[in-house]
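Asker: Here is my input, please return the structure:
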Amino acid sequence: MLDQTNRNLIFVFRMLMAWTFIYAASHQVFDPHFTIVGFLKSTKTFHDVYAPLTNPSIAPVLGFLVAYGHLAIGLSLLFGLLVRVSSLCGIALLLTYWTAHMDWPFIENTNNFIVDYHIVYSVVMAYLFVNHAGQVWGLDGIIKNWPWFERHPTAKALVA
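Answerer: Numbering: from 1, shown residues only. Model (predicted):
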């Protein structure tokens, strides 16, 4: 059982990460000119991996997934619903950005040697996952006891 200090810390981390993802989404979902093409074309270390994703048949779909993925992760964290799922998706997205920003061994610029905020955020998201953050003043704590989850125990891992 978590003491009150840890519960408060988990809640604060969850809200901070929710804000981070929702704010990123606000620049993407509501911008009709949002595209990921410029970002992906400027990758260095893994350019051969990311450059093909700028193809005109792929880029709009990927842009939609990125924008609404940020929004879904942020809202999940905000409301504490399916946080275990959204935290894993968030970690995957953050590590993808980390590799996309690489100019090995620097990340984004020469001030970030191997580690940057993407790694720090990933660790925070892992902390939220491990500590079942959705159960700390979130909807996961409410719905984990619903009969549906009792009938579907494998799905209970998503919230419990």
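
Asker: just so I have it, where are all the helices in this structure?
Answerer: 4-26, 37-41, 47-50, 59-79, 83-100, 117-130, 139-143, 147-151, 153-156 (DSSP state H).

Asker: Quick one, which of those helices gets closest to residue 107.
Answerer: Of all those, helix 83-100 sits nearest to residue 107, with 6.4 Å by C-beta to C-beta. Bear in mind the C-beta positions are built from the backbone N, C-alpha and C, glycine included.

Asker: Against which helices or strands is that closest one packed?
Answerer: Using 3 or more C-beta pairs under 8 Å, 6 or more residues apart in numbering; DSSP states H and E as the contact test, the elements touching helix 83-100 are helix 4-26, helix 59-79, helix 117-130.

Asker: I'd like the average pLDDT over the first one.
Answerer: The one in question is helix 4-26. On average, the pLDDT along helix 4-26 is 97.

Asker: So what touches that helix?
Answerer: 2, 67-68, 70-71, 73-75, 77-78, 80, 83, 90, 121, 124-125, 127-128, 131, 133-134, 136-138 (C-beta atoms under 8 Å, 6 or more residues apart in numbering).

Asker: Now a ChimeraX select for only the buried ones of those.
Answerer: In ChimeraX, the members of the contacts of helix 4-26 classed as buried (16 or more other C-beta atoms under 10 Å) are selected with the following command:
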select :67,70,71,73,74,75,77,78,80,83,90,121,124,125,127,128,131,133,134,136,138
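
Asker: who are the neighbours in contact with residue 72?
Answerer: So residue 72 contacts 86, 89 (C-beta under 8 Å, 6+ apart).

Asker: run the last query once more with 10 Å
Answerer: 21, 25, 65, 82, 85-86, 89-90 (C-beta atoms under 10 Å, 6 or more residues apart in numbering).

Asker: Fine by me, thanks again.
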